[in-house]
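Q: give the three-dimensional model of this entry:
(chains A and B)
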Protein chains: 2
Amino acid sequence: MPMYVVGHKIPDSDSICGAIALAYLKNQIGEPAVAARLGEPSPETAFILERFGFEAPELKLSYAGEEVYIVDHSELTQAPDDIAEATIVGIVDHHKLGDLTTSTPLECWIRPVGCSNTVIKMMYDFHGVEIPKEIAGIMMCAILSDTVIFKSPTCTTADIRCVEDLAKIAGIEDYEALGLEMFNVKSAVAGTPIRDLVMRDYKDFNMNGNLVGIGQLEVVDLSVFDDIKSELEADIATLKAEGERHTVMLLLTDIMKEGSELLVISDDVSVVERAYGKETENGRVWLDGVLSRKKQVVPPLQDAFA
Amino acid sequence: MPMYVVGHKIPDSDSICGAIALAYLKNQIGEPAVAARLGEPSPETAFILERFGFEAPELKLSYAGEEVYIVDHSELTQAPDDIAEATIVGIVDHHKLGDLTTSTPLECWIRPVGCSNTVIKMMYDFHGVEIPKEIAGIMMCAILSDTVIFKSPTCTTADIRCVEDLAKIAGIEDYEALGLEMFNVKSAVAGTPIRDLVMRDYKDFNMNGNLVGIGQLEVVDLSVFDDIKSELEADIATLKAEGERHTVMLLLTDIMKEGSELLVISDDVSVVERAYGKETENGRVWLDGVLSRKKQVVPPLQDAFA
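A: Predicted coordinates:
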């Protein structure tokens, strides 16, 4: 029986490309593996898969009785609903250590770098397995996405070196141009249902017993939101009520101006204001220099809840 | 400010030797680190340190405000009491994934192998750092201890290859003889206070909300316990009451006969009997082939509690 390799709920490019890349590696070293996903690929991910000739991995929501290799998180809220009935055989990730636990020994490849695919590249190198051209392409795009083409404070020299190596393997001469093309795809919000936008890159966190949802939309120009900002706010309020969440936030990130407008709906907005040291105005606040949910948004909020 | 590298409470040889070996590696790659320990070295560990000319690492119980690299566990109950006030920068381990969490990204080197020092050897190889002769010696002994000289079911080919490599670096021709010498030191129980024996290799686990303590004494001949078995039983009963534990067990492991006698004091001994599929008699049961707490004792009990 093969193991399933699967990323988090509401998968981003790192989760989907990472599952494909890691499943290939595992098969090469004699451990049968199948890539899977917990949700629909985003337009950005669809662009990457199309560009390098991949189908999306199998949509699979239930893993009871299966062996599972977890990609890009270690949080119960982001894992398959029935993960407690599965056997987690491994985790590859680059986030804080979450609340997943196991009853048997496993492998964890977790590094404080910008992208899980950078860690998966280390796994290929450790096992001495050659990365096929097309897989190098999707891994490279995942890293460019997670690091906002190296602009994010989460980006490390390991990520940059990794992209350079992968670009060579993939035969991509101008990876920055491909990265910008990808972010332009990501910036297209017109015509997309509001809930789809809110959920495009959305994660729930357990913060000291409080359920906190944080979505993020990265675009090349924030003006694309001018006409729909109040609709977005109405929808995160609905989302908060639906899930009995303490707080729902949506980060509107301008990757060229290098900052984010934060939209907040909360039972206690003072926790959020304490976390970032800035007052909100009608549930909105500009956070200069903030590009990374993982490094700049989650930790201060977690500390404010602690 | 240097990071502290520290193993679990009631440190075994893997925790102490691993802290020394990893702190050395970190210093070599430009990350200042100091080895520390949460308790007294066991006679076995003292033998290893003496054999290769090391002092025990610094005894340090409080880590508030410090950066900490955790060795050989990922469990709150086995970590420093104030670990929540420290920053965990990394974990190297070979056990099931426990309930430690972090609020910032970290590195985790966790592998399903027989010993944390086998993983630390992988870290040396990854960074291309040469292992000094004496450090190779203590790492090798830690692996021989954790794998019961390769007899434990936790032992993997990676552990065996690692010991062979380390023995060459350390200049040890007959590592099995050194291993047996070490286990003979470990088998000397005469004259040791009963509580010291019970606690020599003891760990508390949180099993579905129940505090469960499991100690283990590995000897080359179980007859050394003939005169003190009832004293050991009386003491684990006291230990159970002191800590409001649900269950306390002591594994008396015969490494030559390759099995363990289990002494049990429990609020509900049927959980233990269900876990191992055998009835206890006056709180005792022989478990044939059982050498490993981690692989053969903890997981079935955890499942029985779930």
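Q: up against chain B, what does the stretch 1-150 of chain A have?
A: Selection of the stretch 1-150 of chain A residues close to chain B by CB under 8 Å from any CB of the partner chain yields A:74, A:88, A:91, A:94-112, A:122, A:126. Glycine gets a C-beta too; all of them are placed from N, C-alpha and C.
Q: next step: those restricted to helices.
A: Members of the residues of the stretch 1-150 of chain A next to chain B lying in helices (criterion: DSSP state H): A:122, A:126.
Q: now which of the residues of the stretch 1-150 of chain A next to chain B would you call buried?
A: The neighbour count (16 or more other CB atoms under 10 Å in any protein chain shown) marks A:74, A:88, A:91, A:94-98, A:100-112, A:122 as buried among the residues of the stretch 1-150 of chain A next to chain B.
Q: need the contact list for the nearest residue to A:Ala234 once chain neighbours are set aside.
A: Leaving aside its sequence neighbours, A:Ala234 sits nearest to A:Ile194 (CB to CB, 6 or more residues apart in numbering or on different chains; 8.0 Å). Contacts here follow CB atoms under 8 Å, 6 or more residues apart in numbering or on different chains; on that basis A:Ile194 touches A:228, A:231-232, A:234-235.
Q: among those, who's most crowded?
A: When neighbours are taken as other CB atoms under 10 Å in any protein chain shown, the top entry among the contacts of A:Ile194 is A:Asp235 (23 neighbours).
Q: ok, it touching A:Asp196?
A: No. Using CB atoms under 8 Å, A:Asp235 is not in contact with A:Asp196, being 10.0 Å away.
Q: so where do the strands sit in chain A?
A: Assigned by DSSP state E, chain A shows strands spanning A:3-6, A:33-37, A:58-59, A:67-71, A:87-93, A:107-110, A:202-207, A:210-219, A:247-254, A:259-266, A:284-288.
Q: list the buried residues for the fifth one?
A: Of the residues in strand A:87-93, A:88-93 count as buried by neighbour count, 16+ other CB under 10 Å.
Q: now for those residues, which pair is the farthest apart?
A: Distance extremes for these: the farthest pair is A:Val89 and A:Asp93 at 14.1 Å, using CB to CB.
Q: circling back to that earlier point, in CSV, list the buried residues of strand A:87-93 along with pLDDT.
A: Formatted as CSV, the buried residues of strand A:87-93 follow (pLDDT from 0 to 100):
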residue, pLDDT
A:Ile88, 98
A:Val89, 98
A:Gly90, 98
A:Ile91, 98
A:Val92, 98
A:Asp93, 98
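Q: so where's chain A uncertain?
A: For chain A, no stretch is flagged by pLDDT under 70.
Q: the contacts of A:Ile194 in helices, which ones?
A: Cross-referencing the contacts of A:Ile194 against helices under DSSP H gives A:231-232, A:234-235.
Q: B:Ala23: which of the residues you listed is nearest?
A: A:Leu232 (49.4 Å).
Q: would you mind listing what in the stretch 151-300 of chain A touches chain B?
A: A:154, A:294-295, A:298-299.
Q: ok, A:Ser223 to chain B distance?
A: Distance, A:Ser223 to chain B, by CB to the nearest CB, to the nearest Å: 32 Å.
Q: that residue: how many residues sit nearby?
A: Here the count is done by other CB under 10 Å, and A:Ser223 has 9 residues near it.
Q: ok, it to A:Ser187 distance?
A: Separation of A:Ser223 from A:Ser187 (CB to CB, to the nearest Å) stands at 10 Å.
Q: any idea how far the residue nearest to A:Asn210 when sequence neighbours are not counted lies from A:Ser292?
A: The shortest distance from A:Asn210 to any non-neighbouring residue, by CB to CB, 6+ apart, is to A:His246 (3.9 Å). Taking CB to CB as the measure, A:His246 falls 22 Å from A:Ser292.
Q: of those two, which one has the most company?
A: Neighbour count, other CB under 10 Å: between A:His246 and A:Ser292, A:Ser292 has more, with 23 against 18.
Q: surely that one touches A:Thr154?
A: Yes. Assessed by CB under 8 Å, A:Ser292 is found in contact with A:Thr154 at 4.7 Å.
Q: contact partners for the nearest residue in space to A:Asp254 that is not next to it in sequence?
A: Excluding its sequence neighbours, the residue lying closest to A:Asp254 (CB to CB, 6+ apart) is A:Leu222, at 4.6 Å. Residues near A:Leu222 by CB under 8 Å, 6+ apart: A:252, A:254, A:257, A:261.
Q: beta partners for the closest residue in space to the last one that isn't next to it in sequence?
A: If the residues on either side of it in the chain are set aside, A:Glu261 comes closest to A:Leu252, at 4.4 Å by CB to CB, 6+ apart. Residues found in beta-bridge contact with A:Leu252 (criterion: DSSP bridges) are A:Leu217, A:Glu261.
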